[in-house]
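In: okay, here's the prediction I keep looking at, along with the sequence it came from:
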Amino acid sequence: MLDIKFIRENTELVQDSAQKKNKTIDFDRLFDLDDTRKKLQQEIDALRSQQNTASGAIAQASGTERQSMIDEVSKIKKEIQDLEEQHKPVKEEFEALIYTIPNVIDQTVPVGADEDENKVIKTWGNKPEFDFTPQDHMSIANNLDLVDIEKAAEVSGSRFAYLKGDLVMMQMALMQMTFNALTNRDVIASIIKEQGIDIPDTPFVPIIPPVMIRDEVQTAIHRVFGDQTYQFKEDGLNMVASAEHTLAPYHMNETIDADRLPLRYVGYSTAFRKEAGTYGKDMGGIFRTHQFDKIELEIFSNKETGADEQKLMVGIQEYLTQQLGIHYQLVHVCTGDMGGPDYNQFDIECWLPGQDKFRETHTSDYMTDFQTRGINSRYKDENGTHYLHTNDATAFAIGRILIAILENYQNADGSVTVPDVLQPYMGGRQVIEKV
RNA sequence: GGAGGCGUGGCAGAGUGGUUGAAUGCACCGGUCUUGAAAACCGGAAUGUCGGAAACGGCAUCGGGGGUUCAAAUCCCUCCGCCUCCGCCA
């Protein structure tokens, strides 16, 4: 959430950002609630002050005088209770409303209504040339017996899959390759250099986070997607839709010394999404499933380096995708397509020959201190205490990158060449062939 | 799943209903002493929030939430976490 003081001092900016993100906010109502909330709180505090003073005096008194003093304080107590009853709903409405206000945006963000207005800012590599008609990932996978959708549908329903055989080995290889790279200081240092930025070369700490998250925490980090989330209502728990959901609150209620920053994590977890409202969209194969595995990056930094940390994130995404040799475009996400908590967002879209299109495989979100205000994650430097800035980014959404590999590395005979960089992690295997 | 114990400031650790926002020690910051350092001695220092230009003041905070009471770190309920034992289990 944004700071109410910031909203008051920069109302136009906040309003403008919200509008560009296609959100309408009732600022008058917000300020009204804030005024009322504060006024009631001040009255309550004043009465409490009286009550505390009076109670202190009672300790010294005795006899009938004592009893009359107690009666007096009881009256104050009743007044406080009345005010608190008025205060509670005001506070609740205020908090609900302030949580709906999206983050402000970086000046460079392209303004646009929806994803069609995202801006391609870079293209890497070339479309692979085929002397045959390239197949989509499901045809390839079926032929090589790498995915079983039918059985998954029988067992679990639509939008689930069994991954099998060498595709499983390839997932593990991707994980190995990614974790090895991101825990290597030299790799981080070279990406930082490549990006032309000046931040520490701190390697990423591998993490396997929980895949369930409590209601309150999910709300606090702005990751409530309503009917997109699998919920266990009676337990107050939710399945995460990304490792980011449980990585972002990893430092909740902590104040970290600035010299420990940045804190960089690479997490691996399964993600769960209901995909409500996407009926008929991307139905074939494993492009859009209820359950998929993902390697996710999360960085906690100070305010000054937050934007550069995002450059590092994007640099890592490019590095990893380039390692696989897959043609991609880097996209600056426009206001209408970016997330509410985002200050700046970039996507990477990989070329999928089977679909003859670029499709989103990575995203990188810079949230400034929007998330950490709710979970109270702070850092302390010589100027005082501030909320941490967070960046999260996809290292690999495994399902989608497997698709990209299958489609880009397919051969005329239906086999798939294993990208060089993965071969050492697959026992030196060079080709996935029909058995 | 059953039985019991515990959760206090950066750390350790007092405190079981009334000047306790919290003793004491360590660590930390400033000063005295010293050529310098150490030691010793003196002093300072929690966080959030509201009001205030500031000085300062109010309120809240002893795992979280709720309750009893004029008054709660202290009593009660509940949730969370940690520890010990039993059971079950990958």
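Out: It's in. Numbering: from 1, shown residues only, chains lettered A, B, ... in the order given.
In: residue contacts, the spatially closest residue to A:Tyr343 that is not a sequence neighbour?
Out: Nearest-residue entry for A:Tyr343: A:Thr368, 4.6 Å, with adjacent residues in sequence omitted and distances by CB to CB, 6 or more residues apart in numbering. C-beta coordinates here come from the backbone N, C-alpha and C atoms, glycine included. With contacts defined as CB atoms under 8 Å, 6 or more residues apart in numbering, A:Thr368 is in contact with A:Asn103, A:Lys303, A:Gly306, A:Tyr343, A:His389, A:Thr390.
In: try A:Val314
Out: A:Val314 touches A:Gln195, A:Leu330, A:Phe346, A:Ile348, A:Ser364, A:Ala393, counting by CB under 8 Å, 6+ apart.
In: show me which residues of chain A are close to RNA strand B?
Out: Within chain A, the residues that sit near RNA strand B (CB under 7 Å from any atom of the strand) are A:5, A:38, A:41-42, A:44-46, A:48-49, A:51-56, A:58-59, A:70, A:73-74, A:77, A:385.
In: in helices, which of those fall?
Out: Taking DSSP state H as the definition of helices, those contribute A:5, A:38, A:41-42, A:44-46, A:48-49, A:51-56, A:58-59, A:70, A:73-74, A:77.
In: if any of these are buried, give me the ChimeraX selection for them.
Out: Selection of the buried residues among these in ChimeraX, burial being defined by 16 or more other CB atoms under 10 Å:
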select /A:44,51,73
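In: Validate this expectation: A:Met170 resides in a strand.
Out: No: going by DSSP: H, G, I helix; E, B strand; the rest coil, the assignment for A:Met170 is helix, not a strand.
In: report pLDDT for A:Met338.
Out: Looking at A:Met338, its pLDDT is 93.
In: try A:Gly267
Out: 94.
In: residues in contact with it?
Out: A:Gly267 touches A:Pro206, A:Ile207, A:Ile208, A:Pro209, A:Ala243, A:Glu244, A:Thr246, A:Leu247, A:Ile295, A:Glu296, A:Leu297, A:Glu298, counting by CB under 8 Å, 6+ apart.
In: that one should be in a strand, yeah?
Out: Yes: per three-state DSSP, A:Gly267 lies within a strand segment.
In: strands - which of the contacts of A:Val314 land there?
Out: Those of those mapping onto strands are A:Leu330, A:Phe346, A:Ile348, A:Ser364, A:Ala393, per DSSP state E.
In: wait, isn't the first one in contact with A:Val120?
Out: Yes: assessed by CB atoms under 8 Å, A:Leu330 is found in contact with A:Val120 at 7.2 Å.
In: quick check: A:Asp347 touching A:Asp365?
Out: No: using CB under 8 Å, A:Asp347 makes no contact with A:Asp365, being 9.9 Å away.
In: number of residues surrounding whichever residue of the stretch 151-300 of chain A sits closest to RNA strand B?
Out: Closest residue of the stretch 151-300 of chain A to RNA strand B, CB to the nearest atom of the strand: A:Thr255 (7.6 Å). If you count neighbours by other CB atoms under 10 Å, A:Thr255 ends up with 13.
In: now A:Gly165
Out: 14.
In: for A:Gln355, same thing?
Out: The number of residues near A:Gln355, taken as other CB under 10 Å, comes to 16.
In: do a quick rundown of the helices in chain A.
Out: For chain A, applying DSSP H gives helices covering A:4-9, A:11-20, A:27-60, A:63-98, A:137-144, A:149-155, A:165-182, A:185-195, A:215-220, A:244-247, A:306-324, A:372-375, A:398-408.
In: quick one: closest of the ones you listed to A:Arg359.
Out: helix A:398-408 (7.2 Å; CB to CB).
In: same for the closest one, what does it pack against?
Out: helix A:137-144, helix A:165-182, strand A:291-301, helix A:306-324, strand A:344-352, strand A:357-368 (3 or more CB pairs under 8 Å, 6 or more residues apart in numbering; DSSP states H and E).
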